[in-house]
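# Below are the sequence and a predicted model for it; my questions follow.
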Amino acid sequence: MPTSQDMTTDLDPGLLDALQHQVAVFARRAEQTRLGGTGQLRNSMDRAAYLLLNRLDQEGPMGVKALAAGMGIDSSTVTRQVAPLVDTGLVKRTSHPEDGRAVVLQLSPRGQARLEEVRSSRRELMAQVTDGWTQDERESFCSLLTRFNSALSARQAGLPIVEPETPPTS
């Protein structure tokens, strides 16, 4: 297995330094602004709540363990993060349809409406920040950022980093 030294010897150290610096700046800017959107909804929902609500919206009702596994965090963290969402009525706890003893978390209608408000505000922010970019530039950036996040996630989980398949050229 190649060492990290082997993997970086053929790469431009200046480019790697610039990349790590830009990632650090991005992380700081993202945390400062919380990429929360525009107008009155700016910073109106923290990152943890947004990610939890978004996952429940995309994948449907699920238990704490499944939600934690899908997000790459532990169950106790999800339990702590979900509690205020339940208290404010954005998420509801319901009985599992097949096992009435088990509890699943589900996005409430209020949570769905709130999530859509925040998404709309965040879409507006992304439109403003990338104003002047072409559609291809936005798509390329999104694709590369998705690939970067997937590689970080795999590394954190101790899994091999799998490169996406490239379509055959004609």
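Here it is on my side, so go on. In this text the structure is predicted, and so the values were computed from the model without any measurement.

# for the most centrally placed residue in the chain, what are its contacts?
The structure's the chain has its C-alpha centroid closest to Leu51; by C-alpha atoms, centre = their mean the separation is 5.8 Å. With contacts defined as C-beta atoms under 8 Å, 6 or more residues apart in numbering, Leu51 is in contact with Met71. Any C-beta I mention is one placed from the backbone N, CA and C, and that applies to glycine too.

# Show me what the mean pLDDT comes to for stretch 59-74.
Stretch 59-74 carries an average pLDDT of 91.

# Where does pLDDT dip in the chain?
Confidence mapping of the chain against pLDDT under 70 gives the ranges 1-9, 33-43, 100, 165-170.

# Name the SS class of the residue nearest to the centre of the chain, please.
What DSSP: H, G, I helix; E, B strand; the rest coil gives for Leu51 is helix.

# all helices in this protein, in order from the N-terminus.
Counting by DSSP state H, the chain has helices at residues 4-8, 13-33, 47-59, 64-71, 75-87, 109-129, 135-156.

# In CSV: those helices, plus distance to Asp99.
Putting the helices of the chain into CSV (distance: least, C-beta to C-beta, whole Å) gives the following:
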stretch, distance to Asp99
helix 4-8, 46
helix 13-33, 39
helix 47-59, 18
helix 64-71, 13
helix 75-87, 17
helix 109-129, 23
helix 135-156, 30
